[in-house]
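> sequence? don't have it. structure:
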């Protein structure tokens, strides 16, 4: 099952950029061995939820939703 992953890219100037992609985590080891900086993302919280103090609630609901999608 595809999950959100963060792809980190380092530019020539040393600046780092990150992109969210949806890929299968079973290939994560291979991508890291090939030189890609990829990490599995546990949760993505929008800015408005952080400003309202709903970070924990948002992450809890997101985790429950991901768990329910397994069935």
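In hand now; what should we look at? Given the structure is predicted, the values throughout are model-derived calculations rather than measurements. Numbers count the residues shown, from 1 in each chain.
> could you list the domains of the protein?
1-40, 45-71 (automatic domain parsing).
> tabulate those domains in CSV, adding columns for mean neighbour count and mean pLDDT.
From N, CA and C alone the C-beta is placed, and that goes for glycine too. Compiled in CSV, the domains of the chain are given as follows (neighbours: other CB atoms under 10 Å; pLDDT from 0 to 100):
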stretch, mean neighbour count, mean pLDDT
domain 1-40, 11, 90
domain 45-71, 11, 87
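> biggest helix in the protein by residues?
Scanning the chain for the longest helix, with DSSP state H as the assignment, gives helix 55-68.
> on contacts alone, who are the packing partners of it?
Applying 3 or more CB pairs under 8 Å, 6 or more residues apart in numbering; DSSP states H and E, one finds that helix 55-68 makes contact with helix 47-51.
> switch to 7 Å and redo it
Contact partners of helix 55-68 among helices and strands, from 3 or more CB pairs under 7 Å, 6 or more residues apart in numbering; DSSP states H and E: none.
> ok, and what's touching that helix?
Residues outside helix 55-68 that contact it (CB atoms under 7 Å, 6 or more residues apart in numbering): 43, 45, 49.
> so the second one versus residue 56, what's the distance?
Right, residue 45. Between residue 45 and residue 56 the computed distance is 10 Å (CB to CB, to the nearest Å).
> contact partners for the residue at minimal distance from the centre of the chain?
Centroid-nearest residue in the chain: residue 41, 2.5 Å away (criterion: CA atoms, centre = their mean). When contacts are counted by CB under 7 Å, 6+ apart, residue 41 touches 4-6, 20.
> tell me the pLDDT at it?
For residue 41, the pLDDT comes out at 85.
> can you tell me how far the residue sitting furthest away from the middle of the chain is from residue 6?
Going by CA atoms, centre = their mean, the residue of the chain most distant from its centre is residue 13, 24.5 Å out. Per CB to CB, residue 13 is found 20 Å from residue 6.
> ok, now residue 48?
21 Å.
> and what of residue 64?
As judged by CB to CB, residue 64 and residue 6 stand 22 Å apart.
> gap between residue 51 and residue 45?
According to CB to CB, residue 51 and residue 45 sit 10 Å apart.
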